[in-house]
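Asker: have a look; sequence and predicted model below, questions after that.
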Amino acid sequence: MKIGIFSVIILVLFMGTAFAEMPIGYPWITWGEVTKTFDARSEQGLKLDGYFEQGIDWFKIGDTRLIFNTFLGIRGVFSDHSEDWWNNKWGPWLGLKVKYPVEFKNGWGLLALGFRWEYSSFVGHSKPFSDDSRLIGFLQWSFGGDWKK
C-alpha cells in the first residue's frame, strides 16, 4: 500500500506536461533554528532543527486562487542527547497539496491542504530504534506581515 501511494506521488511530481503546458512556479521554502536550553530539567543542551522543501506549482484550479502543488523536502533534527530519538532523526518528505494564497492589508498568508509521505532515519541512539515511514494528511497555515505598513 505504502509503495503504491509513494509511486503515485512520484508520478504526479514529475509528470509536468500531463497537467499543464508549463508549471506556473517552482516555489521553495526553508526554515530552521539552533537552540541551546540552559535551565530545563530535560532536553538541556544544543539542538539543530531544519527543513528544506522544493515544490512545483502545476496549475491553478479553475478560475480560483487554488494552486495544485507537489513537493519534495528533507528535514533533520539533531541534538546532543542521543536518548532523545525525537530530536535525532532526518529524512525525506514527499507530497502533494492544494495551496490558497491569502493577501490582506498589512501582510500575506498561505493555507494548504494535502498529504505527505515521511521517512525518518534515527541517528546516534543508545537504544535500537528502527527507521519509520508514514503517510500524513495535513492542513498548514503561515501568515506574516508588517504592522507599520
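Answerer: Everything's here; your move. On a predicted model such as this, the values are computed, not experimentally measured, just so you know.
Asker: next one, pLDDT for the closest residue to residue 80 other than its chain neighbours please.
Answerer: Closest residue to residue 80 in three dimensions, ignoring its sequence neighbours and counting by C-beta to C-beta, 6 or more residues apart in numbering: residue 45, at 4.4 Å. Using the backbone N, CA and C atoms, a C-beta is placed for each residue, glycine as well. Here, the pLDDT recorded for residue 45 equals 80.
Asker: quick one: residue 23 and residue 58 touch, right?
Answerer: Yes. Using C-beta atoms under 8 Å, residue 23 is in contact with residue 58, at 5.4 Å.
Asker: contacting residues for residue 55?
Answerer: Residues counted as contacts of residue 55 (C-beta atoms under 8 Å, 6 or more residues apart in numbering) are 26-29, 69-72.
Asker: Throw these into CSV and include neighbour count, secondary structure and distance to residue 135, thanks.
Answerer: Below are the contacts of residue 55 laid out as CSV (neighbours: other C-beta atoms under 10 Å; DSSP: H, G, I helix; E, B strand; the rest coil; distance: C-beta to C-beta, whole Å):
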residue, neighbour count, secondary structure, distance to residue 135
26, 9, coil, 25
27, 15, coil, 23
28, 11, strand, 23
29, 13, strand, 21
69, 23, strand, 17
70, 24, strand, 15
71, 22, strand, 15
72, 18, strand, 15
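Asker: beta partners of the closest residue to residue 106 other than its chain neighbours?
Answerer: Closest residue to residue 106 apart from its sequence neighbours, by C-beta to C-beta, 6+ apart: residue 145 at 4.5 Å. Under DSSP bridges, the beta-bridge partners of residue 145 are residue 107.
Asker: my guess is residue 145 meets residue 107, correct?
Answerer: Yes. At 2.0 Å, residue 145 and residue 107 qualify as touching, with contact defined as C-beta under 8 Å.
Asker: helices and strands of this protein: which one has the lowest mean pLDDT?
Answerer: Least confident helix or strand of the chain, by mean pLDDT, DSSP states H and E, is helix 16-19 with a mean of 46.
Asker: quick one: the helices in the chain, in order.
Answerer: With DSSP state H, the ranges of helices along the chain come out as 2-14, 16-19.
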